[in-house]
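Novice: Show me how the following folds:
(4 chains)
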Protein chains: 2
Amino acid sequence: MVTIADVARDAGVSASTVSYVLSGKRSISADTRRRVESSIRRLGYHPHAGARALASSRTNVLALVVPLRTDIHVPVVMRFVTSVVTAAREYDHDVLLLTNDEGPDGLRRVAASAIADAILVMDVEAEEPRIPVLQSLLRPVVLIGVPDDPAELSCVDLDFHAAAARCVDHLADLGHEQVALIGPSPTVYERGTSFAGRFLRGFTGTAHERALHACAHSCAPSYEAVRECVDKVFADQPETTGLVVHNEAVLGTVLSELQRRGRRVPDDISVVAVCPEDMAVSFSVPLTTVAIPSNDVGRLAVEMVIRQLDGAAAPEVRLLSPRLNQGHSTAPRR
Amino acid sequence: MVTIADVARDAGVSASTVSYVLSGKRSISADTRRRVESSIRRLGYHPHAGARALASSRTNVLALVVPLRTDIHVPVVMRFVTSVVTAAREYDHDVLLLTNDEGPDGLRRVAASAIADAILVMDVEAEEPRIPVLQSLLRPVVLIGVPDDPAELSCVDLDFHAAAARCVDHLADLGHEQVALIGPSPTVYERGTSFAGRFLRGFTGTAHERALHACAHSCAPSYEAVRECVDKVFADQPETTGLVVHNEAVLGTVLSELQRRGRRVPDDISVVAVCPEDMAVSFSVPLTTVAIPSNDVGRLAVEMVIRQLDGAAAPEVRLLSPRLNQGHSTAPRR
DNA sequence: GAATGGAATCGAAGCGCTTCGACAGTCTCG
DNA sequence: CGAGACTGTCGAAGCGCTTCGATTCCATTC
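Specialist: Coordinates of the predicted model:
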């Protein structure tokens, strides 16, 4: 293994000088810097992560807690994960993958043994049970999702309340008077997943404000559940002409089910989906969507946590404003 | 921070004794062990990962290289990832998530800076370009997938050749004479993804042996592509009564497309899918499948790499035998 | 009863790095 | 021209752990 001492010898300087070249924490003459850098390259030197962590109490690793559930749409989760990894690398950090199945002890272990400098948590519930542990960790934490009481922890997420409002307003503006929401799986609501409740409240609240008839149904990700759910919508409100789908997993099934029933999109019924942008274009009708900005959220989470690590920022709650992308799945009511 | 010295003082022994209690590398009297363990618990001691790595040259971290592509089915990827994480934790290891976008340098960096002890690689191509780098790393590597020339690297995967054979045999045994394969996206084949080619060869080879008429088509994950693909199948072979779908992303769409055309499953056409077991039951007809054993593969990959780390095993190629689960989507030809 | 060997423990060295204080040399300015 | 400030570099300490003798104590064995 190539050590800092090898580089120092090769460049004719001391080890500390090499360290300062690398960290930039003290000024170095241009000539020395050049020599050291060329030695580093020539020898293929990479600082030993453990040694560095030991000496500096910084690992340059972020821990990311991902959900193992399957009722939450996996491709969406994966988008967050990759955006976090990508952003982390830009700030010279790596990402350690954690699941919840070790429970709070897993978090304590990672924090106490200094495997990671900070922790990012996905799949946040409204009454998030992990908050006490996370607070006790004495490390920066960013929640991807917003619990009812963030308790001094950083949070970042799409503003799902506003997103729902945006959907309803769009449909109302187009003249639709009976609207329906097909939401996430019942299990998602039961668990109190933070974004689900926020969206639902935004939906019903705005529908009420705009004086629309509205109904909302959760929907499990199965063929039968979708069928049943669509049944319920038209049973509740036969004249429903505006549909908001907040459930990526059943989106395709809902569309083909509408088709099967002879309801044309957007002629007979307008559909707004809440999903990642690139998902919207993979259907026969490019969908009008409120995008889930996984990339922005992931990147922002990383930036927030890095700034906290640098002591340059206090915890804060950031809600991203929703953007509606007009597709061909919504049209004025006829 | 609680250090080993704190524990030692608390238990009235030396630091090295605490270390030996933890590692079990020397014998310790029952009494001492008890005292040390209770001190550890009382003080909430967790060994500092960096210090440990420095002293022992072992990080207890496995790096996992995941694909960012979306033409490969994300939920399947995620299943592998979670099974790797879960298995790794059982062997007291954590998982560092790597993507390919740093290229070979990323691998070198992780290996040279001793961030991880070993590397697991997903999304392996037939002519895997990363093999030279991986070999130069001087660390255990396990490929999840089998390249044409593994070159002394460990590999583990489902035996896709045998899996295809199993599908075709099943259909042939049921009396079907014209069979078709709907395979992964064209981009997957173009890239030379290892499992795609192996499956395709298994399909055509076995169909030939069993004297069946067979055709195979790749299929992009879009509504139009599925439609076109199904068109092609029945244009090529109007009497096709056996269909193998090796493309999780379009499975649902293919089924509804068949339905749309009035081809009942399994009455008019038998369908065998290659997908994770739990995915098979989420359709209106529980599918006959050859399961992709993500859990077994992920766990096996971890076990192989751990055994190599312990010096207890040499690199090897492990192909898991396919298992066919009879569902309700296949029936004798009428 | 001296020699042998095993069990249990300790002390010290060392893993590769960062960081602090010291110092020599060079500038700047009154 | 000497005090003071700044620049660039070095040496040494120390981060928390593992591991290699060395040591002590006891039980065997002939």
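
Novice: Residues of chain A that sit close to DNA strand D?
Specialist: A:12-17, A:20, A:26-29, A:31-33, A:51, A:54-55 (CB under 7 Å from any atom of the strand). The C-beta positions use only the backbone N, C-alpha and C, and glycine is treated the same way.

Novice: Among the residues you listed, which ones are in helices?
Specialist: A:15, A:16, A:17, A:20, A:31, A:32, A:33, A:51, A:54, A:55 (DSSP state H).

Novice: can you map out the helices along the stretch 201-334 of chain A?
Specialist: A:223-236, A:251-260, A:277-280, A:294-309 (DSSP state H, counting those that start in this stretch).

Novice: Just send those back as CSV, with mean pLDDT, distance to DNA strand C and mean neighbour count too.
Specialist: As requested, the helices of the stretch 201-334 of chain A are exported to CSV (pLDDT from 0 to 100; distance: least, CB to the nearest atom of the strand, whole Å; neighbours: other CB atoms under 10 Å in any protein chain shown):
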stretch, mean pLDDT, distance to DNA strand C, mean neighbour count
helix A:223-236, 93, 54, 17
helix A:251-260, 89, 48, 20
helix A:277-280, 87, 39, 18
helix A:294-309, 96, 13, 21
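
Novice: mind checking which of the ones you listed is nearest residue B:231?
Specialist: Residue B:231 lies closest to helix A:251-260 among the helices of the stretch 201-334 of chain A, at 17.4 Å (CB to CB).

Novice: Domains in chain A, by residue range?
Specialist: Following automatic domain parsing, one gets these domains for chain A: A:4-47, A:61-159+A:294-320, A:160-292.

Novice: could you list every residue that touches the nearest residue in space to residue A:33 that is not next to it in sequence?
Specialist: In this structure, residue A:33 finds its nearest non-sequential neighbour in residue A:21, 5.5 Å apart by CB to CB, 6 or more residues apart in numbering or on different chains. Residue A:21 makes contact with A:28, A:32, A:33, A:36, A:37 under the criterion CB atoms under 8 Å, 6 or more residues apart in numbering or on different chains.

Novice: What's the local residue count around the fourth one?
Specialist: In other words, residue A:36. 24 (other CB atoms under 10 Å in any protein chain shown).

Novice: The third one too?
Specialist: The tally of other residues near residue A:33 (other CB under 10 Å) stands at 16.

Novice: Which ones, among the residues of chain A next to DNA strand D, also lie beside DNA strand C?
Specialist: Answer for these near DNA strand C (CB under 7 Å from any atom of the strand): A:15, A:16, A:20, A:51, A:54, A:55.

Novice: pLDDT wise, what is the residue in the stretch 51-200 of chain A that chain B sits nearest to at?
Specialist: Nearest residue of the stretch 51-200 of chain A to chain B, counting by CB to the nearest CB: residue A:53, 3.1 Å away. Here, the pLDDT recorded for residue A:53 equals 97.

Novice: Look up the closest residue to it, ignoring the ones flanking it.
Specialist: Using CB to CB, 6+ apart, the nearest residue to residue A:53 is residue B:50, at 3.1 Å.

Novice: Could you pull out the strands in the stretch 1-150 of chain A for me?
Specialist: For the stretch 1-150 of chain A, the strands defined by DSSP state E, counting those that start in this stretch occupy A:61-66, A:94-99, A:118-121, A:141-144.

Novice: Throw those strands into JSON lines and include mean neighbour count and distance to chain B, thanks.
Specialist: Output for these, formatted as JSON lines (neighbours: other CB atoms under 10 Å in any protein chain shown; distance: least, CB to the nearest CB, whole Å):
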{"stretch": "strand A:61-66", "mean neighbour count": "25", "distance to chain B": "7"}
{"stretch": "strand A:94-99", "mean neighbour count": "22", "distance to chain B": "5"}
{"stretch": "strand A:118-121", "mean neighbour count": "26", "distance to chain B": "12"}
{"stretch": "strand A:141-144", "mean neighbour count": "26", "distance to chain B": "15"}
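
Novice: on that earlier part again, which among the ones in helices among the residues of chain A next to DNA strand D end up buried?
Specialist: A:17, A:20, A:32, A:33, A:51, A:54 (16 or more other CB atoms under 10 Å in any protein chain shown).

Novice: So which bits of the stretch 101-250 of chain A are right by chain B?
Specialist: Contact residues (CB under 8 Å from any CB of the partner chain) of the stretch 101-250 of chain A with chain B: A:101-102, A:108-110, A:112-115, A:221-224.

Novice: of those residues, buried ones?
Specialist: Buried members of these, scored by 16+ other CB under 10 Å, are A:108, A:110, A:112, A:113, A:114, A:115, A:221, A:222, A:223.

Novice: Against residue B:76, how distant is the last one?
Specialist: The one in question is residue A:223. 20 Å (CB to CB, to the nearest Å).

Novice: And for stretch A:325-334, what's in contact with it?
Specialist: A:170-171, A:174-177, A:241-242, A:265-267, A:270-273, A:277, A:280-281, A:285-291.

Novice: Tell me the buried residues within the residues you listed.
Specialist: Judged by 16+ other CB under 10 Å, buried ones among the contacts of stretch A:325-334: A:170-171, A:174, A:176-177, A:241-242, A:265-266, A:270-273, A:277, A:280, A:285, A:287-291.

Novice: Tell me which of the residues you listed fall in strands.
Specialist: A:242, A:270, A:271, A:272, A:273, A:288, A:289, A:290, A:291 (DSSP state E).

Novice: if I look at the third one, how far off is DNA strand C?
Specialist: Yep, that's residue A:271 we're talking about. 54 Å (CB to the nearest atom of the strand, to the nearest Å).

Novice: Give me the nearest residue to that residue, chain neighbours excluded.
Specialist: In space, residue A:271 is closest to residue A:329, 4.4 Å off (CB to CB, 6+ apart).

Novice: Tell me which of the domains of chain A lies nearest to residue B:2.
Specialist: That would be, of these and by CB to CB, domain A:61-159+A:294-320, which comes in at 7.7 Å.

Novice: what's the span of the closest one from first residue to last?
Specialist: One end of domain A:61-159+A:294-320 to the other measures 26 Å (CA to CA, to the nearest Å).

Novice: try stretch A:179-198
Specialist: Stretch A:179-198: ends 18 Å apart by CA to CA.

Novice: Count the neighbours of residue A:30 for me.
Specialist: 7.

Novice: pLDDT value on it, please?
Specialist: For residue A:30, the model assigns a pLDDT of 94.

Novice: What of the one 4 residues further on?
Specialist: Residue A:34 carries a pLDDT value of 96.

Novice: sorry, back to before: out of the helices of the stretch 201-334 of chain A, nearest to residue B:206?
Specialist: Closest among these, using CB to CB: helix A:223-236, at 30.9 Å.
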